[in-house]
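Engineer: Structure for this input, please:
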Amino acid sequence: QEQLVESGGGLVQAGESLRLSCVASGISFSSYAMGWFRQAPGKEREFIAAISWRGDTTFYADSVKGRFTISRDNANNTVYLQMNSLKPEDTAVYYCSRHRAKYGLGSSRDTEYTYWGQGTQVTVSS
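Structural biologist: From the prediction side, this is the model:
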């Protein structure tokens, strides 16, 4: 079965940290860039971070730069999102996704991603 499964979400207070994980199964992982997106209620899906297939290039949305870190473990088909100094405005469902292009750097455009996880809820209280 082709799937991406996120985990690690939860309820935290402002200023705390969470680490999200996303495990790929049934799809090629190590040759593709990966991305994290989020969607808050009533808002459009928003790009958060992306990492190249080799893990040597990363880029972030301005809203999370300096607080969030994306990383990957190709041996275990897993991509991570370390989230520090969380704010109430970070509250959303977080999704991981696999980019459509092999050996790419990734993108901030969600239309360029072909596989999506089911999402994990992150709630930050003030």
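Engineer: For the spatially most central residue of the chain, what are phi and psi?
Structural biologist: For the chain, the residue sitting closest to the mean C-alpha position, by CA atoms, centre = their mean, is Trp36 at 2.3 Å. Dihedral pair for Trp36: phi -120, psi 140, per degrees, to the nearest 10.
Engineer: element containing the residue lying closest to Val64 once chain neighbours are set aside?
Structural biologist: Leaving aside its sequence neighbours, Val64 sits nearest to Ile48 (CB to CB, 6 or more residues apart in numbering; 5.7 Å). In short, each C-beta sits where N, CA and C put it, glycine included. Secondary-structure assignment from DSSP states H and E places Ile48 in strand 46-51.
Engineer: what lines up beside the helix or strand following that strand in the sheet?
Structural biologist: Note on strand 46-51: by DSSP H and E, the next helix or strand toward the C-terminus is strand 58-60. Strand 58-60 sits in its sheet next to strand 46-51 (antiparallel), going by DSSP bridges.
Engineer: Give the helix, strand or coil label for Phe29.
Structural biologist: coil (DSSP: H, G, I helix; E, B strand; the rest coil).
Engineer: and it, how far is that from Leu4?
Structural biologist: Between Phe29 and Leu4 the computed distance is 9 Å (CB to CB, to the nearest Å).
Engineer: quick one on the thing from earlier: OK, contacts around the closest residue to the residue nearest to the centre of the chain other than its chain neighbours?
Structural biologist: For Trp36, ignoring the flanking residues on the chain, the nearest one in space by CB to CB, 6+ apart is Ile48 at 4.3 Å. Applying CB atoms under 8 Å, 6 or more residues apart in numbering, we find Ile48 in contact with Gly35, Trp36, Phe37, Arg38, Tyr60, Ala61, Val64, Phe68, Ile70, Leu81, Tyr94.
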